[in-house]
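Engineer: Okay, predicted coordinates and the sequence, questions at the end:
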Amino acid sequence: MNDQTIRIVLAGPRGKMGSEAVKMVAETKNFELIAAVDSRNNGKQLKDLEGVLPLEVPVYDDLEDCLIANECDVLIDLTTPETGRKHMEIAFRHGVRPVVGTTGFSDQDVTELSQIANEKRLGAVIAPNFAVGAVLMMKFSQMAAKYFQDVEIIEQHHDQKLDAPSGTAVKTAQMITQNRDEKHQGHPDEKETIQGVRGGSIEGIRIHSVRLPGLVAHQEVLFGGEGQTLTIRHDSINRASFMPGVKLAVETVMKLDTLVYGLENIID
Ligand SMILES: NC(=O)c1ccc[n+]([C@@H]2O[C@H](COP(=O)([O-])OP(=O)(O)OC[C@H]3O[C@@H](n4cnc5c(N)ncnc54)[C@H](O)[C@@H]3O)[C@@H](O)[C@H]2O)c1
Ligand SMILES: O=C(O)C1=N[C@H](C(=O)O)CCC1
């Protein structure tokens, strides 16, 4: 597999992540961008689209049509949760392995998509965060949860983000729950005088979502214990930070025959 060309179709090429991923694919030896799927611009080429590397790569507005017309190995999806879910099902039907950075999937989505991957014996990766530093933040948080039962997550993203909480915050909380029993944190008689001010909750872990222009993707995991606190923080200051993870996922998915949820499961 090492020297074999991996033929890629990318959904969402005009997006903030998608346009960066187009560059990464174009610059990577053994990766070939066969086609792109955009909600508009059917029949055009990537070079006709604003803000995208000027490549002679055909654009389709429908993944099914794209995969009927082109033989591909991997779908990279960086769109929206509804589209990402639909795209994964189409990719599986065509024997194409999905690598999905799109966030906002429910637990049920992940379970159902895993079942399809198992039935088809096809590899797939859903990674809420492709930045290696973010993966380490999640792993360190999981480790710390063994010693600190009280934890809150503050995630901060740009104000164009559609989903809240972030996929990273949800994954972090899920990983922490593997090392921590469900716990209602704070005072038992605590009352919110402004609704929502204490954030959302996954098994008692509070998640607070901040959305502001100027931000990219940032998260703090705060642990509290007797006389001490521990803060684990990660910052992505640009979207190039995600690209080594996307590249690794594309290479790895070719060797998988099941769905992997989280980059931590494929990183050494
Ligand atoms: N996993 C990670 O590391 C990571 C990092 C950044 C963003 N994300 C996630 O990736 C997704 C995209 O983020 P973004 O900041 O690039 O968003 P964006 O809004 O800049 O881009 C999304 C793109 O998807 C396109 N799109 C929407 N519906 C489509 C359809 N039906 N067919 C084809 N294209 C369609 C839009 O036209 C847009 O260009 C989000 O879910 C975000 O949370 C994940
Ligand atoms: O920009 C976004 O949107 C991001 N979303 C991911 C999430 O929801 O966790 C990760 C980083 C950027």
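Structural biologist: All right, it came through fine. Numbering: from 1, shown residues only. Ligands and ions are numbered 1, 2, ... in the order given.

Engineer: Would you mind giving me the confidence score for the residue of the stretch 1-150 of the chain found nearest ligand 2?
Structural biologist: In the stretch 1-150 of the chain, the residue that lies nearest ligand 2 is T103 (3.6 Å; Cβ to the nearest ligand atom). Glycine gets a C-beta too; all of them are placed from N, C-alpha and C. Looking at T103, its pLDDT stands at 97.

Engineer: tell me the contacts of it?
Structural biologist: P81, P128, D163, S166, G167, T168 (Cβ atoms under 8 Å, 6 or more residues apart in numbering).

Engineer: okay but the first one is in contact with D163, surely?
Structural biologist: Read it as P81. Yes. Between P81 and D163 there is a contact at 6.6 Å, judged by Cβ atoms under 8 Å.

Engineer: what residues are shared contacts of these two?
Structural biologist: Common neighbours of P81 and D163 (Cβ under 8 Å, 6+ apart) are T103, G104.

Engineer: before we move on, back to that, distance check, the residue of the stretch 1-150 of the chain closest to ligand 2 against L63.
Structural biologist: For T103, the distance to L63 (Cβ to Cβ, to the nearest Å) stands at 19 Å.

Engineer: Can you show me the strands along the stretch 151-268 of the chain?
Structural biologist: Counting by DSSP state E, counting those that start in this stretch, the stretch 151-268 of the chain has these strands, from start to end: 200-202, 205-211, 217-225, 228-236, 259-261.

Engineer: so can I have a markdown table of those showing mean neighbour count and mean pLDDT?
Structural biologist: Below are the strands of the stretch 151-268 of the chain laid out as a markdown table (neighbours: other Cβ atoms under 10 Å; pLDDT from 0 to 100):
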| stretch | mean neighbour count | mean pLDDT |
| --- | --- | --- |
| strand 200-202 | 16 | 96 |
| strand 205-211 | 18 | 98 |
| strand 217-225 | 19 | 98 |
| strand 228-236 | 15 | 98 |
| strand 259-261 | 21 | 98 |
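
Engineer: burial count for G214?
Structural biologist: Close neighbours of G214, defined as other Cβ atoms under 10 Å, add up to 7.

Engineer: which residue packs closest to it, ignoring adjacent ones?
Structural biologist: Among residues not flanking G214 along the chain, H158 sits closest, at 7.6 Å (Cβ to Cβ, 6 or more residues apart in numbering).

Engineer: What is the neighbour count of that neighbour?
Structural biologist: Using other Cβ under 10 Å, H158 has 14 neighbouring residues.

Engineer: between the strands of the stretch 151-268 of the chain, which gets nearest to ligand 1?
Structural biologist: Closest to ligand 1 of the strands of the stretch 151-268 of the chain is strand 217-225 (Cβ to the nearest ligand atom; 6.2 Å).

Engineer: Identify all contacting residues around that closest one.
Structural biologist: Under Cβ under 8 Å, 6+ apart, the answer for strand 217-225 is 129, 131, 134, 137, 141, 144-145, 147-148, 150-158, 166, 168-169, 172, 176, 229-236.

Engineer: Could you rerun that using 7 Å?
Structural biologist: 137, 141, 144, 148, 150-157, 168-169, 172, 229-236 (Cβ atoms under 7 Å, 6 or more residues apart in numbering).

Engineer: Next, the contact list for S209, please.
Structural biologist: Neighbour list for S209: E155, A164, P165, S166 [criterion: Cβ under 7 Å, 6+ apart].

Engineer: ok, so what distance separates the third one from I207?
Structural biologist: According to Cβ to Cβ, P165 stands 5 Å off from I207.

Engineer: What of the last one?
Structural biologist: S166 sits at a distance of 9 Å from I207 (criterion: Cβ to Cβ).

Engineer: Who is V100 paired with across the strands?
Structural biologist: Judged by DSSP bridges, the bridge partners of V100 are D77, I126.

Engineer: Quick one: closest of the strands of the stretch 151-268 of the chain to I194.
Structural biologist: Comparing these by their distance to I194 (Cβ to Cβ), the top pick is strand 205-211, with 13.1 Å.
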